[in-house]
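>>> sequence? don't have it. structure:
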Ligand SMILES: Nc1ncnc2c1ncn2[C@@H]1O[C@H](COP(=O)(O)OP(=O)(O)OP(=O)(O)O)[C@@H](O)[C@H]1O
């Protein structure tokens, strides 16, 4: 009852997580309204984009929960702030993470400001699996209870001060519980598949999609011994540590051990491969990270030790962080780590607390 005067805008994607989040907020007596964002002109990309279906799902859920649904088009902003950067990084041979940039630039900036200023809400809520805790007047971002679904990795660009106006209603639940609740309250989206990979494109279709925007220049696939063993379809189609989809089969005179991408050489347009998942050429002792964000900067004193993830869903690794300058840090791993990928993000944790993170600029190879 107490929260009746507090207004929350729930970011409605038409998926099960935001729908169940909306239901929780209603039950907690917030004054709830939904906001659906279009961030891609799907008319151009019908094959890849489900925005129309997602909107109709969001409308149906809001009708059922008796929530007013606002709609907004941020496709221009998404193109300028997220997609152009995504393409440019790929052209440089990096493997960027657009979902992280989308959270930083769109969901928790433009969308957030629209909800707070234009729609005059007190909070925005999303269906992310993460938690916010207040301690001694400060707000901390924590991993979700469901560690399998934890999305704090994608949220490291947030600032402590922003967390004050953000709610993650399902961060304390398991995904299986969220689906059970959705079924119980009769939401058709209860069984809807999770969105994976880039905001609007499944990971399997990504190379075809990128082909529309980046000119694919075929080049040689070369072993570390310098033998040309095949042709690649454009370096942007591959990522460091990738094993599948190299199209080289068994190579005569070599043991039948899988091959992995260990380097993308932009200057020669070559893809360098080596055998074995523990190949020393794949391993790094550390990395240099840029575009650093600390969620609560006043808590950071260099150097310090903590845990980190160099990709989503990876188990935490132990590391030590050293200050280089205001833009760069050096991360040294306690033991060598495979497939450190420039362009991806490294996210730091102190146990369950997400401290912040940065973008991997370069790796420090073992060899
Ligand atoms: N088009 C959109 N409009 C408004 N909010 C969105 C949109 N897409 C995503 N969101 C918000 O961001 C959250 C996380 O998005 P993500 O793409 O990771 O979806 P998800 O984990 O599959 O969640 P859901 O089941 O709600 O789709 C969503 O739960 C939702 O609150």
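Nice, thanks for sending it over. Quantities reported herein were computed from a predicted structural model and do not represent experimental measurements. Residues are numbered from 1 along each chain as shown.

>>> leaving out chain neighbours, which residue sits closest to the residue in the stretch 251-367 of the chain positioned nearest to the ligand?
At 10.7 Å from the ligand, residue 312 is the closest residue in the stretch 251-367 of the chain, using Cβ to the nearest ligand atom. The C-beta positions use only the backbone N, C-alpha and C, and glycine is treated the same way. In space, and not counting its chain neighbours, residue 312 is closest to residue 153: 4.9 Å by Cβ to Cβ, 6 or more residues apart in numbering.

>>> mind listing what the one you found touches?
Counting by Cβ atoms under 8 Å, 6 or more residues apart in numbering, residue 153 touches 100, 309, 311, 312, 313, 345, 347, 354, 357.

>>> circling back to that earlier point, quick one: the residue of the stretch 251-367 of the chain closest to the ligand is in a helix?
No: counting by DSSP: H, G, I helix; E, B strand; the rest coil, residue 312 is located in no helix; its state is coil.

>>> residue 154 is in contact with that one, correct?
Yes: counting by Cβ atoms under 8 Å, residue 312 sits close enough to residue 154 to count as a contact (7.2 Å).

>>> gap between residue 80 and residue 157?
To residue 157, residue 80 is 17 Å away according to Cβ to Cβ, to the nearest Å.

>>> tell me how far the residue of the chain found nearest the ligand lies from residue 30.
Among all residues of the chain, residue 15 sits closest to the ligand, at 2.0 Å; criterion: Cβ to the nearest ligand atom. To residue 30, residue 15 is 20 Å away according to Cβ to Cβ.

>>> report pLDDT for the closest residue to residue 233 other than its chain neighbours.
Once flanking residues are discounted, residue 233 sits nearest to residue 216: 5.7 Å by Cβ to Cβ, 6+ apart. Residue 216 carries a pLDDT value of 83.

>>> same check, this time on residue 203
The model reports residue 203 with a pLDDT of 56.

>>> ok, now residue 7?
pLDDT, read off for residue 7, is 98.

>>> can I take it that the residue nearest to residue 312 is in a helix?
Yes: when three-state DSSP is applied, residue 153 is found to be in a helix.

>>> coming back round to it: and residue 312 and residue 154? Which one has more around it.
Taking other Cβ atoms under 10 Å, residue 312 and residue 154 do not tie; residue 154 has more neighbours (23 against 16).

>>> from memory the more buried one sits against residue 100, does it?
Yes: counting by Cβ under 8 Å, residue 154 does reach residue 100; the two are 5.4 Å apart.

>>> hey, what's the closest residue to residue 5 other than its chain neighbours bridged with?
Spatial nearest neighbour of residue 5, chain neighbours left out: residue 31 (7.2 Å); criterion: Cβ to Cβ, 6+ apart. Per DSSP bridges, the residues bridged to residue 31 are residue 7.

>>> ok, back up a step: can you give me the neighbour number for the residue nearest to residue 233?
If you count neighbours by other Cβ under 10 Å, residue 216 ends up with 14.

>>> residue ranges for the strands of the stretch 201-350 of the chain, please.
Using DSSP state E, counting those that start in this stretch, the strands of the stretch 201-350 of the chain run over 219-223, 228-232, 259-265, 270-275, 283-294, 304-309, 317-323, 329-338, 345-350.

>>> most packed of those strands?
Most buried of the strands of the stretch 201-350 of the chain, by mean neighbour count (mean count of other Cβ atoms under 10 Å): strand 345-350, with a mean of 23.

>>> which other residues reach that one?
97, 100, 143, 152-153, 156, 287, 289, 306-310, 316, 321, 331, 354-360.

>>> show me the shaky parts of this structure.
1-4, 42-49, 196-205, 249-255 (pLDDT under 70).

>>> who in it is up against the ligand?
Within the chain, the positions near the ligand by Cβ under 6 Å from any ligand atom are 11-13, 15-18, 35-37, 107, 126-128, 194-195.

>>> widest-spaced pair of the residues you listed?
35 and 194 (20.6 Å; Cβ to Cβ).

>>> so for these two, which sits in the more crowded spot?
residue 35 (21 against 9).

>>> surely residue 70 is in contact with residue 36?
Yes: contact criterion Cβ under 8 Å: residue 70 and residue 36 qualify, at 7.3 Å.

>>> more crowded one of the two?
Legend: neighbour count by other Cβ under 10 Å for residue 70 and residue 36, higher for residue 36 (21 against 16).

>>> so that one is in which element?
Taking DSSP states H and E as the criterion, residue 36 maps to strand 31-38.

>>> domain assignment for this structure?
2-127+169-205, 215-277, 283-365 (automatic domain parsing).
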